[in-house]
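Peer 1: One predicted model, sequence on top.
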Amino acid sequence: MDISKDKILEPDMSMGLYMALAKNTNAFNYFYSLSEPAQKQIIDHSHAIESKEEMQTYVDSLVEGLS
């Protein structure tokens, strides 16, 4: 995982989303390969998630079916 420090400190990204991404390398890499508007859409959706388990399921679903 080689990303710049400013990517980690996204002001709108919750710690829960970042931690869930960190647990799934494929999802992490996928998220940071997206355009900023696509990343913002994922971040915005994550604000409605209420549990750690639900967040991990959401993050894992980002890369389901991708090869």
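Peer 2: Sure, I can see it.
Peer 1: where along this protein do the helices fall?
Peer 2: Ranges of helices in the chain, per DSSP state H, are 5-8, 15-22, 25-33, 36-46, 52-61.
Peer 1: Tell me how many other residues surround the residue nearest to residue 21 when sequence neighbours are not counted.
Peer 2: Counting by C-beta to C-beta, 6 or more residues apart in numbering, residue 28 is the residue found nearest to residue 21 once chain neighbours are left out, at 4.4 Å. (C-beta placed from N, C-alpha, C; glycine too.) Neighbourhood size, residue 28 [other C-beta atoms under 10 Å]: 19.
Peer 1: same thing with residue 16?
Peer 2: 19.
Peer 1: residues contacting it?
Peer 2: 46, 49, 52, 55 (C-beta atoms under 8 Å, 6 or more residues apart in numbering).
Peer 1: The same query, at a cut-off of 7 Å, please.
Peer 2: Each residue near residue 16 by C-beta atoms under 7 Å, 6 or more residues apart in numbering is listed here: 52, 55.
Peer 1: any idea how far residue 65 is from it?
Peer 2: 24 Å (C-beta to C-beta, to the nearest Å).
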